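A.B. asks: please find the sequence and the predicted model below.
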Amino acid sequence: MVYLPDGEKILRKLSVGLVQTNDAMEKDGFLKYPYSKNLQRAINYLSFFYLMNDLPIPIGIGELIEKAKTVPLGEWGLNLSDDEYQNELLLDDEGVPTELCEELAAEELDYNNPDSFQREIFESIKNLAEGSKDPDITYTQIREFLVKYPLSTQDERSDILLDVDVKKPNTFKELILDEVYQDKIPSAYYVNGMILRCDFCGNLIKNQKNNLTCINKGCEFNRLSNSKKQKKYQELNPGQEVRQAHFGVRRYMSIPGIPELKLKDDLEKIGCKVTLWPGLDLCDLFVETPSDFKISIDVKDWKYPHELAKNVNQKVIPREELENQGFISGLYCYVFPDIRKKENPDYMNAFKSACNPKVEAFYAKDIIAKIKEIWS
Ligand SMILES: [Zn+2]
C-alpha cells in the first residue's frame, strides 16, 4: 500500500519547501540550484496526489512556482477542508512566501520541532542559562537580544557578550552568536550603499521595485505610505560587520517576540510585574497585577485564526510545570495584537470556534482593560 498524504499535509510540505528556497535565495541574493530538498520532495508528493486523483501533473519547479504565485489555493484540487485560505496564494508576485505560506510552514520550522536549527539554538540557550547564577535572567537576556537584533553589528554582538550573565562567555559566542549570525547581507540589498534596519522590528529593509519593504511581511513598516517610510529605519554601514540572524531564528523566534515585549511594556505601565519566558520559556509572560492576581500569557501573532487554532490544538498548556516552578496563575490565556481585530473583526470568533479544548483568549487592548477594571 502506497502512503498518500492528504492535500493539507502536502500543502504544508510545499510551504516548508518554498520558505526554505526563498531563504536560500535571500542569503545569496539570487536563486540558485539545487532548490530545497523539501521542495523537491513536496513536488513529488503533489505529482503523485494529482496522478491518483486524475489531475494534470505539474512538470517541474518553475511551473510549480508560477502556480504558487498566481493560482488561489481553492483551485489546486487538494480537497482542503478549511476554507480559510481558499482565495489565498503561497507566493507574492516577487516569489516571496506570503504570510499564509509562512504560517503553514510554522509547525515544521518553529523551535518546537526537534529537528530544526532554531531548536538547537533554543536548547543551547537553555543549557547555558541553566548553568548560570540566575537561569531566568540569563535566558531572558539572550532571548531579548535575539528579538531586538535580527540584524546586528559587530559592536552590538560584542556588547551582549560583555553584558550577558554566563559562566562561559566563549561558549555563548561560539554556540549561539557565531551560529545565529552567519549571514552577510548581499550587496544587492544595499540602498545607496547602506544597509537599512527597520525601526519597528529590526529586520532588513529592501528596495523592491522602488518601494522600501521590510522583509518581515506583517511589519507595521509595510503598512506606511511611501512618504512616511523615510524616517522609520536606521542606516548601517556595511563596514560594521552587519550580520543577519539565521532565517528560522528570525522568523520563528525574533518576530514572535516583538508583540511579547510590547505587551510586557504595556502591562508594566499599568503597574503589573511581568516575568518574560518564565521557567525558561514555559509560556511567554507571567503577570502579577497590582491586586496580586496572576496570569500566564502566550502571545500569538498569526494572520490566519484557523491555522493558529490548529497550532494551539497540538499543544498542551504546561500548567503543572509552571506551578512546579512557582508560577501559579488564576488564568492562562492567549493574547493577540490589536491589529488582528482591525484586519479581521471575526478573528476571535474564528479562533475560538476552531479550538479544542476551549481556551481563553483576548486582544491586547482588552486584557489590559480587564486588568485595570477587575484586578488593579
Ligand atoms: Zn519591520
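C.D. replies: Received the coordinates, thanks.
A.B. asks: residues contacting N313?
C.D. replies: Neighbour list for N313: 354-356 [criterion: Cβ atoms under 8 Å, 6 or more residues apart in numbering]. For glycine as for every other residue, the C-beta is placed from the backbone atoms N, C-alpha and C.
A.B. asks: of the residues you listed - the most surrounded one?
C.D. replies: C355 (19 neighbours; other Cβ atoms under 10 Å).
A.B. asks: continuing past the helix ranked longest in the chain, what's the next helix or strand?
C.D. replies: Ranked by number of residues, the top helix in the chain under DSSP state H is helix 7-28. Following helix 7-28 in sequence order, the next helix or strand is helix 37-52 (DSSP states H and E).
A.B. asks: now for that following helix, which elements pack on it?
C.D. replies: Based on contacts counted as 3 or more Cβ pairs under 8 Å, 6 or more residues apart in numbering; DSSP states H and E, the elements that helix 37-52 packs against are helix 7-28, helix 61-70.
A.B. asks: returning to what we had before: turn the contacts of N313 into JSON lines, including secondary structure.
C.D. replies: Rendered in JSON lines, the data for the contacts of N313 read as follows (DSSP: H, G, I helix; E, B strand; the rest coil):
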{"residue": "A354", "secondary structure": "coil"}
{"residue": "C355", "secondary structure": "coil"}
{"residue": "N356", "secondary structure": "coil"}
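A.B. asks: assign the spatially most central residue of the chain to helix, strand or coil.
C.D. replies: When Cα atoms, centre = their mean is applied to the chain, the residue found nearest the centroid is Y252 (3.3 Å). Using three-state DSSP, the secondary structure recorded for Y252 is helix.
A.B. asks: how close does it get to the ion?
C.D. replies: With the distance defined as Cβ to the ion, to the nearest Å, Y252 ends up 16 Å from the ion.
A.B. asks: if I pick the residue nearest to that residue when sequence neighbours are not counted, what's in contact with it?
C.D. replies: The spatially closest residue to Y252, leaving aside those adjacent along the chain, is D110, at 4.1 Å (Cβ to Cβ, 6 or more residues apart in numbering). The contact partners of D110, taken as Cβ under 8 Å, 6+ apart, are 116, 118, 252.
A.B. asks: these into CSV, with extra columns for pLDDT?
C.D. replies: As requested, the contacts of D110 are exported to CSV (pLDDT from 0 to 100):
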residue, pLDDT
S116, 81
Q118, 88
Y252, 85
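A.B. asks: about what we covered before: of the helices and strands packed on helix 37-52, which is nearest L196?
C.D. replies: Within the helices and strands packed on helix 37-52, the stretch nearest L196 is helix 7-28; the backing value is 14.8 Å (Cβ to Cβ).
A.B. asks: what residues does the stretch 101-250 of the chain have near the ion?
C.D. replies: Taking Cβ under 5 Å from the ion, the part of the stretch 101-250 of the chain that reaches the ion is made up of 198, 200-201, 203, 214, 216, 219, 221.
A.B. asks: in helices, which of those appear?
C.D. replies: Using DSSP H, no member of these falls in helices.
A.B. asks: next, format those as a markdown table and append distance to L282 and neighbour count.
C.D. replies: Shown next, in a markdown table, are those (distance: Cβ to Cβ, whole Å; neighbours: other Cβ atoms under 10 Å):
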| residue | distance to L282 | neighbour count |
| --- | --- | --- |
| C198 | 30 | 24 |
| F200 | 28 | 16 |
| C201 | 25 | 25 |
| N203 | 27 | 25 |
| C214 | 31 | 26 |
| N216 | 26 | 24 |
| C219 | 28 | 21 |
| F221 | 32 | 20 |
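A.B. asks: and the longest helix of the chain, what does it pack onto?
C.D. replies: Helices and strands touching helix 7-28, by 3+ Cβ pairs under 8 Å, 6+ apart, are helix 37-52, helix 61-70, helix 99-109, helix 247-249.
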